[in-house]
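**Q** Sequence plus the predicted model coming up.
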Protein chains: 4
Amino acid sequence: MSAAGTVVVERFESQVLRGNPLGDPHVREIPVYLPPGYDEERARRYPVIYWLHGFTGIGLSSIAKSLWTPTLPELMERVIAAGAPPVILVMPDGSTRYGGSQYINSPATGQYEDHIIQELIPHIDRTYRTKPGAEHRGVVGKSSGGYGAVVLAMRNPSVFGGVASHSGDMYFEACYKPFFWKALNVINRHRGIEGFLRAFEAMPKKARDAADALTILVAMGQAYAGNADGSFDLPIDVTTGEMRDGVWARWLEWDPVVMAERYADALRQMRLIYIECGTKDEWNLHYGARIFHQRLEALGVRHQHVEFDDDHGNIQYRYVESLRRLAEALH
Amino acid sequence: MSAAGTVVVERFESQVLRGNPLGDPHVREIPVYLPPGYDEERARRYPVIYWLHGFTGIGLSSIAKSLWTPTLPELMERVIAAGAPPVILVMPDGSTRYGGSQYINSPATGQYEDHIIQELIPHIDRTYRTKPGAEHRGVVGKSSGGYGAVVLAMRNPSVFGGVASHSGDMYFEACYKPFFWKALNVINRHRGIEGFLRAFEAMPKKARDAADALTILVAMGQAYAGNADGSFDLPIDVTTGEMRDGVWARWLEWDPVVMAERYADALRQMRLIYIECGTKDEWNLHYGARIFHQRLEALGVRHQHVEFDDDHGNIQYRYVESLRRLAEALH
Amino acid sequence: MSAAGTVVVERFESQVLRGNPLGDPHVREIPVYLPPGYDEERARRYPVIYWLHGFTGIGLSSIAKSLWTPTLPELMERVIAAGAPPVILVMPDGSTRYGGSQYINSPATGQYEDHIIQELIPHIDRTYRTKPGAEHRGVVGKSSGGYGAVVLAMRNPSVFGGVASHSGDMYFEACYKPFFWKALNVINRHRGIEGFLRAFEAMPKKARDAADALTILVAMGQAYAGNADGSFDLPIDVTTGEMRDGVWARWLEWDPVVMAERYADALRQMRLIYIECGTKDEWNLHYGARIFHQRLEALGVRHQHVEFDDDHGNIQYRYVESLRRLAEALH
Amino acid sequence: MSAAGTVVVERFESQVLRGNPLGDPHVREIPVYLPPGYDEERARRYPVIYWLHGFTGIGLSSIAKSLWTPTLPELMERVIAAGAPPVILVMPDGSTRYGGSQYINSPATGQYEDHIIQELIPHIDRTYRTKPGAEHRGVVGKSSGGYGAVVLAMRNPSVFGGVASHSGDMYFEACYKPFFWKALNVINRHRGIEGFLRAFEAMPKKARDAADALTILVAMGQAYAGNADGSFDLPIDVTTGEMRDGVWARWLEWDPVVMAERYADALRQMRLIYIECGTKDEWNLHYGARIFHQRLEALGVRHQHVEFDDDHGNIQYRYVESLRRLAEALH
C-alpha cells in the first residue's frame, strides 16, 4: 500500500455559478485528496471532509507547498499515520473578486451554498468511492472557512454529519463592527465605495488596509446584505460613520451566535461539533467562540470547545485537531 | 504693560470631592493664567475660559514646559498677540486614580460636575476680576476634556456661553465599543477586573495596553454606569465578551450625539460652539464629530465644525483655533 | 498557436546536493515554463531566464496561484502578450531548512552555485529547446533571489549574459547588520544559538521574530562564513553583541558592492544589468542599490538602475520590468 | 523636621552658553531639590547629585507632575524615607533646539560640559550648603542623560566621585548606526538636511520619525562631529547611504566603550559606578552596557552592572536604584 495519498485537481464547471453577478469564473479548480490505499483497495469507500479556505484564499491554497508550513494533505497524512481512519478531502473554491463569498447564497455574489450542496457534493459522490450519507460527510475551515463550515452544517443537516470551525467568524458585534471605521477611513480616501473599488482593482499590489476595508465592508456586505438587483447595502453611513440599524440587522441574521437557536435541531443531529479559537485572535473571534459555546450549552447541543494560545495567523498546524476528530467521528 | 501673563497655581480644597469613593485627593492644584496687563489695569474685568485636561492628564499638565510643545498659556499668548481679546484661563483637575472622571457626577468616582460648577467657578469669580456672566465664560478641552466641555456646557447653559471641543469623545459606538475586546484580553490575563486593578496599581510602569483597558472599561464604566453603592457595572461580559445591552444603554445616555436633542435648548443659547477633529483620529472621533455636527444641523443649532489632517496625539497646537474663537465670542 | 504557455514541474535529482551538510533534500521540484507556441514551432529554440526565489521561498512558489497576485508564468505571459520575445523560464530551488542558501557554495549548507551552474543548466539545455549560449541566458530574482542573480552572473559570465535584481541584498552594512541585535534578543531568550535552533525546529508555527533572527544570523552566517567542518561563525558575540570584525570581513567578501570591482570584467560582458529597488525598502536595500549603481558607474559598467515607490513586500508585479528587458536583451 | 523636601527653580544665566552656535537660550531653568530638614538643620552640609535629563528633555522635566509617574524629587524622597542619607539634587538643562547636547563641548552646539563643570557646579556650591568635594558629588541620568553622566564622570574625576547610568548611550555601532538609514529616508523626503531642518522647524507637531531622524543624525552629528565653523559632518552619505568612515571614527572617539580604556584611571577613582539597562531596550543599549561592563572588568574597574526586564521608555521608577546607591556612596 502506498505510504502517501494522491491529489487530483478537479476543473469543475459550475452551472450554479455561471453568470454570477460579480463576473467571477464559473470554472473552479478544486483539489481532491485521496488517502493512501485508495488505488489499491478498490472496493473500499471513504468518508469525505470538505475543507473551506479562508478569506482571500482559493481552493488551491490547500495544496500550495511552502518551506515551513505543511499543506492540508500533509496534515491529513500525519493524522492518518497517527491512527485515524483514512478519508477523502475535498477543497472547494468559494472565492470572489473581492475576497470571498462566505459560502452562502447572495444575490450580490452568487449561490455559493447551492454550488457546494447541490452540484459539487453530488459530483464528488459520483466520481469517487465515497460513503455518501451525511453521517460520513464533514465540513471544516478556518476563519471565513470556519464560518462557512458552521453555517453550511446548520443549514444542511441532511448533508453534513460533522463540523469543525477554527477561528471562525462569529459574534459580528466583536469580529466585524469594531473594524468598520478604520475601513471607512480608507474608503473615504477614495471618495466613497465606487472610487474605492476602482482604486482597489487598479492596485498592482493590494495595500493591506485597502484589503481589510474591502473584506469588512464590501465582501461581507455583499454576502450578508445583497439585494435582488445585485447591489448591496452598507451597514454604516460612509461619510458620518453612523450605523444603519436596519442593514446591520440583516447582517445579524447570518451571525452563527444568532442562528444557533434557529438551527438547534440541525446542530443536535451532528456527530461532531468542534469549535476552537486562539485566545489572542486579532478579530476577537475567541469571544465569538465562547458565546457560541454558551448558546450550544443552553440549547443542550453536544459539542467540543477548545482554546489555544495563539492568534489568527498561520495556524494551519491546528487542523490536526479537527481532521483527527472528524475522521474518527465520520468513518 | 507686561508682555507676558502670569500663572498662579491655586491649591483648591474641594468640599465636594472630600470623601469621594475612589479616595482621590480633595485638594487639587489648579493653574490660573492671568493675561498681560492684568496687574496694571486694575479695574478691568476679563472673560474666563475653563480648559479641561484629557484622560490621564491633570490640571498642571497645561503648564508643564517641554522642548517642542508650547504650554497652554504660551498658546493663549500667541492668540492674544495676534489680536484676540485677553482672557483668564483656568485649568481644573478632573483626574482620578484610574485616569479621569469625564467631568461628570458619578457615585463611583465623585461629583466632578458639581465641583466645577458649584464651587470652583464661584471661587474663581470671587478671587479674580472676571466678567461673571455666562456670556463671558467658556469651556474647552481635548479628548476627554473636549467631552467634558460639551457635556458641561449642554447641562449648564446658565454658566457657560461658549464651548469648544477638540477631538472630544462622541458616538460611543465608534469611540469606545470597538476597543472593548482588546481590553478584555488584558483584563482576563489577570483573571477579571479585581485582579486586573490590583495588578495595575502594582505596576511601577503602567503598561500601555493595561492603561488602555483601564480607560475604556474601568474609568468609563465608573463615569457612565456607577451605582449608588460606589460600584459600577460593566457593559460587557468579562468572560464571553457579550455586550450587556442594559448597561450599554446607560452609557449611551451620556453620549453627546444622544444628548444633543435633549439639550437642544441649551445648545441654542451658546454664543459659540466649535467642534473639531483630525481625520486620522485613532479613536474614530472624527465620525463622532460628524454625527454631532449632523445632529446640530438637524436641530438648527448654530455651530462650527472643522476637520484637519492629523491624528489624536500631541495636537495641542490646535488650541489656537478654539482659544481665539472663544476669546472673540466671550469678551 | 496556443495562447498560453505550459508549466512542467521537474523533479530534479541533484548529485551536487546529495549529502549536503544540513540534510536538506537532494531532490528538488523545479517548475519550467514553456512559452505559447513551444509545442507547435518544434524547431524553434528559446532564450532561458532562471528565476531565483527569495528567502523562505521554494521553486514552486513561482507558480502558486492566489487570488490577487499573478504567478510568474502569468506575468511572463503578460510581457509576451505586450510584444516581448517568448522565453523559457526555469525556477530553481535554493531553499534550506533554515530558509535559504543565497545560491552560493558553502561548506555549511551545500554547493548551491555548483548545483545551478554545473548540473541544472546543462540538464535544462539537454531537455528543452534552449538557445544555449550565455548571450541567451539570464538570471533574475527578488531579495535573496536578486542577490543570487547578481552573484551568479558576476561569477559566471560565460553562463549568463543578462541579470536583473529586484530589491536584492546589497551593502550588508545597511541590510543585515542593523538587524543583528534584535536577532540576538530572540536568540538569547533561548540561551544561545543551539537552544534557539532547537526551539525553532519545534515551533509548529514559526514566530516572525524567530524567523527573522534565523535569517539574519543563522542562514546568512552559514552562507557567508561556513567552515570546512560544516559549522559556521557568527559575526557578533551572542552575549555582548560586540561585532567580530574577522568574521564580518568574511561576510563582506560576499557583498555585491564589495564584489563589483573584483568582477568588473564579468559585469562588462553582460548585455543587460537591471537593478531596481523600492524607496521604502524595510531592509534598506534602496541604499545598497544606489551604492552598487555608483560602483558600476565608477567602473564604467553599462546598466540600468530604477527606483519605485514601494517597500519590500509583495512586489511581484515589478517582475514585468525585468522579464521584458531580459527577454528583449537575450532573444 | 519637615517630611518633604522643597524644590527651588534656579534661573541660571550662563556665561558659557551665551552666544552658542545654535542660538539656544543662555538662561536655563534648573530645579534644585533640597531634602527634608534642609531648612531646620542650618549647619548641615549635603552631598549633591546632578541628574541629567534625556534627549528632548529639559531640566524642568524632572519635576513635571503627572498622574501615574512620580517626579524625581518624589523618587528621592522614597529613597530617603527608606533610610538613605539625604542629598541635594540638581537638574541641569542640556537641551538644544534639535533635542540635546549630550552634555559635551562641541563647536556646533555649545560648551555644555564647561557649562556644568565650570559654572553651574561652583554656583551650586556657593549657593547651597553642599559638601563640595568630588567624593560627595555624583552624576546620574537616563539615556542621553546616562551617557552624559558617564562621560562627564570619566572626564572629570576631580569633580565627580560617583556615577550612575540608566540605559545610557553606549556602543554606537548598535545604538546609533542601525537607525541611520531609516533617518535618511525621512531626510531625503525633504531633499537633504537643509530642507529637512526647515521642515522640522515648521512642523507644529514634530512627527515621530522626523524627531528620530533629527536625533540620530543631526543632534548626534553636532555633538560628535562638529567643526570649528559651527557646521557638522554627517557620518553617512545622505543620498547613497554609504558610511563615511572618517566621520564615523570621530563619533567613536565619544563612545563610552571606546573611551573606557583612555579614562581608566578616572574610572578607578569613582566610589560608585552603577550601570543598568533593560533587556528589551529598543536602542540595543543593553548590549552597550554589557560591553562597557566587560571593558571595566578587563581594566579592573570596580562597578555594578544590573539588568532588568523592561524596555527604554518610562523607566523613571528605576531611579530609586541609582539614587539610593549614590546617596549611600557619597554621604
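**A** Okay, I see it.
**Q** Is residue A:289 in contact with residue A:170, as I believe?
**A** Yes - Residue A:289 lies in contact with residue A:170 (CB atoms under 8 Å); the separation is 6.2 Å. Every residue, glycine included, has its C-beta placed from N, CA and C.
**Q** Specify the next element, helix or strand, located C-terminal of the helix or strand hosting residue A:260.
**A** For residue A:260, the host element (DSSP states H and E) is helix A:256-262. Elements were assigned by DSSP H and E; along the chain past helix A:256-262, the next helix or strand is helix A:264-268.
**Q** Could you list the buried residues of that following helix?
**A** A:264, A:266, A:267 (16 or more other CB atoms under 10 Å in any protein chain shown).
**Q** try stretch A:317-331
**A** So for stretch A:317-331, counting by 16+ other CB under 10 Å, buried means A:317-330.
**Q** Can you tell me what sits against that stretch?
**A** Residues from elsewhere that reach stretch A:317-331 (CB atoms under 8 Å, 6 or more residues apart in numbering or on different chains): A:47, A:49, A:69-70, A:72, A:75-76, A:78-80, A:82, A:84-87, A:135-138, A:140, A:142, A:161-162, A:164, A:166, A:271-272, A:274, A:276, A:304, A:306, A:308, A:310, C:204-205.
**Q** Just name the closest of the buried residues of stretch A:317-331 to chain C, please.
**A** residue A:317 (3.7 Å; CB to the nearest CB).
**Q** and chain A, which residues reach chain C?
**A** A:29, A:56-58, A:60-61, A:64-68, A:95, A:99, A:204-206, A:211, A:310, A:314-315, A:317 (CB under 8 Å from any CB of the partner chain).
**Q** Of these, select the buried ones using a ChimeraX command.
**A** ChimeraX command restricting the residues of chain A next to chain C to the buried ones, with burial defined by 16+ other CB under 10 Å:
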select /A:29,56,57,58,60,61,64,67,68,95,99,205,206,211,310,315,317
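**Q** Restricted to strands, list the residues of chain A next to chain C.
**A** residue A:29 (DSSP state E).
**Q** Would you state the strands of the stretch 1-150 of chain A in chain order?
**A** A:6-13, A:27-34, A:48-52, A:88-90, A:105-106, A:110-111, A:137-142 (DSSP state E, counting those that start in this stretch).
**Q** which one of those is the most hemmed in?
**A** Neighbour counts (mean count of other CB atoms under 10 Å in any protein chain shown) averaged over each of these peak at strand A:137-142, with a mean of 29.
**Q** and the angle for that one with strand A:48-52?
**A** 30 degrees (axes from the mean of the first three to the mean of the last three CA atoms, to 10 degrees).
**Q** in its sheet, what does strand A:137-142 sit against?
**A** Note on strand A:137-142: by DSSP bridges, its sheet partners are strand A:48-52 (parallel), strand A:162-166 (parallel).
**Q** average pLDDT for the first one?
**A** Per-residue confidence for strand A:48-52 averages out to 98 on the pLDDT scale.
**Q** Now do that strand: distance to the chain's middle.
**A** 10 Å (CA atoms, centre = their mean, to the nearest Å).
**Q** what's it in contact with?
**A** With CB under 8 Å, 6+ apart, strand A:48-52 has contacts from A:62, A:72, A:87-92, A:94, A:103, A:116, A:121, A:124-125, A:128, A:130-131, A:136-141, A:144-146, A:148-149, A:152, A:160, A:323, A:326-327, A:330.
**Q** rerun that using 6 Å as the cut-off
**A** A:62, A:72, A:87-91, A:103, A:130, A:137-141, A:145, A:148-149, A:326 (CB atoms under 6 Å, 6 or more residues apart in numbering or on different chains).
**Q** Tell me which residue in the stretch 151-300 of chain A sits closest to chain C.
**A** For the stretch 151-300 of chain A, CB to the nearest CB, closest residue to chain C: residue A:204, 3.7 Å.
**Q** can I get the buried residues of helix A:264-268 in JSON lines with distance to residue A:231 and pLDDT?
**A** Below are the buried residues of helix A:264-268 laid out as JSON lines (distance: CB to CB, whole Å; pLDDT from 0 to 100):
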{"residue": "A:264", "distance to residue A:231": "33", "pLDDT": "98"}
{"residue": "A:266", "distance to residue A:231": "31", "pLDDT": "98"}
{"residue": "A:267", "distance to residue A:231": "33", "pLDDT": "98"}
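**Q** For the buried residues of stretch A:317-331, give me a markdown table that also has secondary structure, pLDDT and distance to residue C:179.
**A** Shown next, in a markdown table, are the buried residues of stretch A:317-331 (DSSP: H, G, I helix; E, B strand; the rest coil; pLDDT from 0 to 100; distance: CB to CB, whole Å):
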| residue | secondary structure | pLDDT | distance to residue C:179 |
| --- | --- | --- | --- |
| A:317 | helix | 97 | 27 |
| A:318 | helix | 98 | 30 |
| A:319 | helix | 98 | 32 |
| A:320 | helix | 98 | 33 |
| A:321 | helix | 98 | 35 |
| A:322 | helix | 98 | 37 |
| A:323 | helix | 98 | 37 |
| A:324 | helix | 98 | 39 |
| A:325 | helix | 98 | 41 |
| A:326 | helix | 98 | 42 |
| A:327 | helix | 98 | 43 |
| A:328 | helix | 98 | 46 |
| A:329 | helix | 98 | 47 |
| A:330 | helix | 98 | 48 |
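**Q** how many neighbours does residue A:213 have?
**A** Residue A:213 is flanked by 25 other residues according to other CB atoms under 10 Å in any protein chain shown.
**Q** Equivalent analysis for the one 4 residues further on, please.
**A** The number of residues packed near residue A:217 is 24, by other CB under 10 Å.
**Q** any idea what sits nearest it, other than its immediate chain neighbours?
**A** residue A:183 (4.9 Å; CB to CB, 6 or more residues apart in numbering or on different chains).
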